[in-house]
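>>> what follows is a predicted protein model with its sequence.
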Amino acid sequence: MSDVEITEVREAHAFDEAALGAYLQEYVTDFSGPLTVKQFEGGQSNPTFQLITPSKTYVMRKQPPGELLPSAHQVDREYKVMDALWDTPVPVPKMYCLCEDGSVIGTKFYIMEMIEGRLFTETRLPTFSKEERTAIYLDLARVLAALHSTDPNDVGLSEFGRPGNYYERQIGRWTKQYLASQTDDLPAMTSLMEWLPKNIPSNTQSVVVHGDYRLGNVLIHPTEPKIVGVLDWELSTLGDGLADLGYLCQDYYGDPDSDVGIAGIDYASLGIPTEEQLVAEYCKHSGRQEIEDWPFYVIYNMFRSAGIIQGVYKRGLDGNASSQTALEYADVARLRSERGWALAEEFISSKA
């Protein structure tokens, strides 16, 4: 069974379904109604819908209603990067159309293929065998390396990111977005916002980065332990692939006393690779020998995640979040930033 839940369209995200059907009839080849619309629960940014017709099922991603933060909810970027990666080793759904005309259903949206697969958010993968868990986690590293090995120039994405230092831009972006959605004083975030810009590594790449690469954003084959689709590309850009890898490895730095997550678990008995093993698998597929100053990439991502989570919580308070679980994030940004700063202090001490 998959973790994904499909529900009726939430009242806050309702739109003119007849107008959508008419648009698809005109712009999607072989589309034929009648159209039934359902909503995928989960996902905290761009609402996602299942579009069911008698002959085919599609998926639609749209911007959420309400006032949007600057540079957020860029469904056009999601469409562009997946369309560009369609004929590469990176598994992505086929794109059908992008609509940037807000008058159709109220926001920008795009339509893509619905890939048959399973989506799981529980990082311990409780319904899988030990061997299957190993295979899935190692495939996470392999697919990520495949993405970072794809030359942006070869797939028409040479202009997909801005010039200049990737980390400077990203730290600046998430600092601004955190401050725009701040609800409490978080001293650890203040410390991270001061420390990170002064400790950016000098040797960085320029590849396509996903920006939110994790187990919950990939589809697993219906019967086999392998990835068949990478989803949720809203935060993708050109930058350093190690940012994606550090993001994926955040799970090793969660709450070790929790009964969920993979921090501090018995990795060998569950078949889940350790952080070192996962990083080594990525290095094997990407041709790297080692990664200098590895903790920086995890610390940066814990700061970035705290900023993202704060935005999710604020949208929940404002009533326009994509999921009803948004208000459950009240204390998560503080905890994530505190763990990030604790790791930074360890890193600083180790280099002293």
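Received it, and whenever you're ready, just let me know what you need. As the structure is a computational prediction, the values presented were derived from the model and not from experiment. Numbering: from 1, shown residues only.
>>> how is the protein partitioned into domains?
5-113, 130-351 (automatic domain parsing).
>>> let's have those in JSON lines, adding mean pLDDT.
Below are the domains of the chain laid out as JSON lines (pLDDT from 0 to 100):
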{"stretch": "domain 5-113", "mean pLDDT": "89"}
{"stretch": "domain 130-351", "mean pLDDT": "91"}
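>>> dump these to TSV, plus distance to residue 124 and mean neighbour count.
Every C-beta, even on glycine, is put in place using the N, C-alpha and C of the backbone. Output for the domains of the chain, formatted as TSV (distance: least, Cβ to Cβ, whole Å; neighbours: other Cβ atoms under 10 Å):
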stretch	distance to residue 124	mean neighbour count
domain 5-113	18	17
domain 130-351	6	18
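>>> which residues in the stretch 151-300 of the chain form helices?
166-180, 187-195, 241-248, 267-270, 275-286, 294-318 (DSSP state H, counting those that start in this stretch).
>>> what's the angle between the fifth one and helix 241-248?
Right, the one you point to is helix 275-286. Counting by axes from the mean of the first three to the mean of the last three Cα atoms, to 10 degrees, helix 275-286 lies at 150 degrees to helix 241-248.
>>> so who does the residue sitting nearest the centre point of the chain touch?
For the chain, the residue sitting closest to the mean C-alpha position, by Cα atoms, centre = their mean, is residue 212 at 2.3 Å. Applying Cβ atoms under 8 Å, 6 or more residues apart in numbering to residue 212 gives the contacts 232-235, 247.
>>> at 10 Å instead, please
Residue 212 makes contact with 45, 230-236, 244, 247-248, 304-305, 308, according to Cβ atoms under 10 Å, 6 or more residues apart in numbering.
>>> check residue 182 too.
189, 307, 310-311, 314, 333.
>>> measure it to residue 121 for me?
Remark: distance between residue 182 and residue 121 (Cβ to Cβ, to the nearest Å) = 27 Å.
>>> go on, residue 246?
20 Å.
>>> likewise residue 171?
Distance from residue 171 to residue 121, by Cβ to Cβ: 27 Å.
>>> before we move on, what about residue 277?
Using Cβ to Cβ, which is the criterion applied here, residue 277 is 22 Å from residue 121.
>>> now residue 317
On the measure of Cβ to Cβ, residue 317 and residue 121 end up 23 Å apart.
>>> residue 140 too?
14 Å.
>>> shared neighbours, these two?
In terms of Cβ under 10 Å, 6+ apart, residue 140 and residue 121 are both contacted by the residues 214-215.
>>> residues contacting residue 94?
Contacts of residue 94 (Cβ under 10 Å, 6+ apart): 82-83, 86, 111-115.
>>> ok, those residues vs residue 207, which is closest?
Using Cβ to Cβ, residue 82 comes nearest to residue 207 of these, at 16.0 Å.
>>> once you drop chain neighbours, what's closest to residue 106?
Residue nearest to residue 106 in three dimensions, not counting chain neighbours: residue 15, with 5.6 Å by Cβ to Cβ, 6 or more residues apart in numbering.
>>> residue 204 too?
That would be residue 240: by Cβ to Cβ, 6+ apart, it lies 4.0 Å from residue 204.
>>> before we move on, what about residue 149?
Nearest one to residue 149, counting by Cβ to Cβ, 6+ apart, is residue 286 at 6.1 Å.
>>> tell me how far that neighbour lies from residue 305.
In terms of Cβ to Cβ, residue 286 sits 23 Å off from residue 305.
>>> where's residue 61, which helix or strand?
For residue 61, the element it lies in under DSSP states H and E is strand 57-62.
>>> toward the C-terminus, what is the element adjacent to that strand?
helix 75-85.
>>> report the angle between that next one and strand 57-62.
Using the same axes, to 10 degrees: helix 75-85 against strand 57-62 is 130 degrees.
>>> for helix 75-85, which helices and strands make contact with it?
strand 57-62, strand 95-99, strand 109-113, helix 130-148, strand 207-209, strand 227-230 (3 or more Cβ pairs under 10 Å, 6 or more residues apart in numbering; DSSP states H and E).
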